[in-house]
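Novice: Mind folding the following:
(one chain, ligands or ions: 1)
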Amino acid sequence: KKMIDWAKLRADFPILDQQVHGHPLVYLDNAASSQKPRAVIDCLSNYYEKDNANVHRGIHELSNRATAAFEASRQRVATFINAKTQDEIIFTRGTTEGINLIAASWGSKNIKAGDKILLTEMEHHSNIVPWQLLAEKTGAKLVYIPVTGDEGLLDLSKLDQLLTPEVKLFAFTHISNTLGTLNPVAELCERARKLGVTTLVDAAQSAGHLPLDVQSLGCDFLVFSGHKICGPTGIGVLWGRQEILDNMPPYHGGGEMIVTVDFFKSTFKKAPHRFEAGTPDISGVIALHAALDYLDAVGRENIFKHDQELATYCYDQLAQLKNVRLFGPKTGRAGLVSFLLEDVHAHDVVTVADQRGVALRGGHHCNQPLMKKLGIASTARASFYFYNTRAEVDRFIEVTREIQKFFGA
Ligand SMILES: Cc1ncc(COP(=O)(O)O)c(CN[C@@H](CS)C(=O)O)c1O
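Specialist: Got it, this is the predicted structure:
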């Protein structure tokens with residue numbers, strides 16, 4: 001196993017080397033968005049300096065270079081998640097658009113009145129609201145797998161009664177962005193497949209943090225965002241089994257997704273281009289390729305181990321403080337910790353932490369139903385990536401102690 005010089009990797013991220021309010025920046029908001037290595041930043045500027053042109057329709061040299069780079073990125077994404085073919089890779093704006101695309105296209109054709117859509121209580125709003133909108137339109141019903149309180153595990157004792165043949169889609173998160181819970185995706189997909197239930201995995205918090213193999217996970221759809229895995233904002237991926245994608249109606253209409261257009265009728269390309277109307281985020285797609293290469297040079301299994309070590313260390317340090325309420329599993333959590341300091345509002349924690357250079361997230365994290373279930377309005381959250389260090393966790397704990405003292409908590 002190669003030894004990784006994590007401190008050296010930090011030098012690849014120019015943004016990390018700065019002071020915030022007179023203190024060294026300690027960026028612990030990676031679940032919201034990750035920072036970008038020099039290789040990704042240079043890829044974006046090189047593209048606009050040398051190769052920029054529209055893709056797929058141009059014949060000239062720059063358009064050919066841009067198209068080749070664009071489609072090479074699609075192939076790279078396919079290998080990144082072990083998709084059978086690059087035709088199963090659809091570029092979106094991010095996780096949210098990917099889920100909306102599935103709800104609008106696959107949903108409109110496969111969900112009808114009385115059908116059930118199975119979700120979990122830990123889902124992000126991006127994996128709840130599109131299904132509420134679809135249920136309103138079709139008369140389908142939403143059902144939820146419960147979460148077991150503060151520890152935040154799925155209550156799988158309820159799975160048999162909830163995962164029944166009336167369920168047409170089971171959509172669930174790989175990793176909870178509030179709890180840090182890692183769900184047993186392969187097992188859940190296998191249970192669903194046995195009942196002919198289609199599965200969608202929200203990999204927003206897992207895609208850049210651990211190895212993903214869609215063929216061994218056994219899901220039917222999987223979505224994630226580039227900006228959370230060292231790529232630019234505005235680019236994301238929807239993976240779907242080819243046989244399912246080829247039976248889905250178009251999502252958006254326009255150029256690129258058609259074969260012929262007549263005044264009253266058009267014919268459409270097959271996936272993936274069927275679902276990529278209009279000029280795409282060309283530079284974002286090409287820079288995503290650089291991000292995936294970067295992550296695999298570090299090694300996602302190494303990244304996950306590093307994330308987990310920092311998060312578990314952070315959890316254990318917080319657990320030693322008085323008047324702290326911790327959320328998520330005690331062991332085996334992914335790289336984030338949500339917590340509450342008694343008598344201190346999460347926003348106050350984040351504001352005072354920011355004054356000391358520590359970037360956290362405070363709020364409901366787009367998990368309002370989960371917060372309601374836990375009887376809270378918000379949490380403060382520290383989320384880690386491979387460029388964070390143990391010393392940064394120590395700085396975070398030191399600042400948390402100061403906050404408790406400051407508020408007399
Ligand atoms: C599990 C999960 N599912 C979907 C999304 C949405 O990703 P977009 O790139 O915004 O489309 C996110 C993004 N969660 C951010 C913003 S709320 C967080 O701070 O936790 C997520 O964590």
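Novice: Tell me how far the residue minimising distance to the centre of the chain lies from residue 223.
Specialist: Using CA atoms, centre = their mean, the residue of the chain that lies closest to the mean C-alpha position is residue 204, 0.9 Å off. According to CB to CB, to the nearest Å, residue 204 and residue 223 sit 7 Å apart. Every C-beta, even on glycine, is put in place using the N, C-alpha and C of the backbone.
Novice: which residues do these two both contact?
Specialist: Listed contacts common to residue 204 and residue 223 are residue 95; contacts here mean CB atoms under 8 Å, 6 or more residues apart in numbering.
Novice: quick one, what contacts residue 387?
Specialist: Contact analysis of residue 387 by CB under 8 Å, 6+ apart lists 6, 9, 10, 12, 13, 16, 35.
Novice: so it, which of the three states?
Specialist: Secondary structure for residue 387, judged by DSSP: H, G, I helix; E, B strand; the rest coil, is coil.
Novice: Just give the closest residue to it, not the sequence neighbours.
Specialist: residue 10 (4.9 Å; CB to CB, 6 or more residues apart in numbering).
Novice: I figured the one you found hits residue 25, correct?
Specialist: No. Here residue 10 does not reach residue 25: they are 11.1 Å apart, not a contact under CB atoms under 8 Å.
Novice: what do these two both touch?
Specialist: residue 16.
Novice: ok, which residues in the stretch 1-150 of the chain are in contact with the ligand?
Specialist: Residues of the stretch 1-150 of the chain lying close to the ligand by CB under 6 Å from any ligand atom are 31, 32, 94, 95, 96, 124, 126, 127.
Novice: Taking those residues together, which two end up most distant?
Specialist: 32 and 127 (16.4 Å; CB to CB).
Novice: ok, the two, which is more surrounded?
Specialist: residue 127 (25 against 16; other CB atoms under 10 Å).
Novice: Contact partners for the residue nearest to that one when sequence neighbours are not counted?
Specialist: The spatially closest residue to residue 127, leaving aside those adjacent along the chain, is residue 202, at 4.9 Å (CB to CB, 6+ apart). Neighbouring residues of residue 202 by CB under 8 Å, 6+ apart: 95, 99, 123, 124, 126, 127, 171, 172, 173, 174, 223, 224.
Novice: ok, what's across the strand from residue 202?
Specialist: Residues in a beta bridge with residue 202, per DSSP bridges, are residue 173, residue 223.
Novice: How much space separates the residue nearest to residue 156 when sequence neighbours are not counted from residue 358?
Specialist: Nearest residue to residue 156, sequence neighbours excluded (CB to CB, 6+ apart): residue 145, at 7.5 Å. Between residue 145 and residue 358 the computed distance is 34 Å (CB to CB).
Novice: next one: residue 111
Specialist: From residue 111 to residue 358 the distance is 44 Å (CB to CB).
Novice: So these two - more neighbours on which side?
Specialist: Each of residue 111 and residue 358 has its neighbours counted (other CB under 10 Å); residue 358 has more, 27 against 22.
Novice: what's the more buried one sitting at in phi/psi?
Specialist: phi -100, psi 120 (degrees, to the nearest 10).
Novice: With adjacent residues omitted, what lies nearest to it?
Specialist: Distance criterion CB to CB, 6+ apart; nearest residue to residue 358, sequence neighbours excluded, is residue 26 at 4.5 Å.
Novice: what's around the one you found, how many residues?
Specialist: Neighbourhood size, residue 26 [other CB under 10 Å]: 23.
Novice: Likewise for residue 164?
Specialist: Number of residues near residue 164 (other CB under 10 Å) recorded here: 12.
Novice: gap between it and residue 26?
Specialist: Taking CB to CB, one finds residue 164 at 47 Å from residue 26.
Novice: Next: residue 18.
Specialist: Look at residue 18 and residue 26: by CB to CB, they are 11 Å apart.
Novice: Please apply the same query to residue 72.
Specialist: 36 Å.
Novice: Could you pick out the residues of the stretch 151-300 of the chain near the ligand for me?
Specialist: 173, 177, 202, 204, 205, 225.
Novice: Need the phi and psi values for residue 336.
Specialist: phi -150, psi 150.
Novice: Next, count neighbours for it.
Specialist: Using other CB under 10 Å, residue 336 is surrounded by 32 other residues.
Novice: Apart from its neighbours in sequence, what residue is nearest it?
Specialist: Closest to residue 336 by CB to CB, 6+ apart is residue 383, at 3.7 Å.
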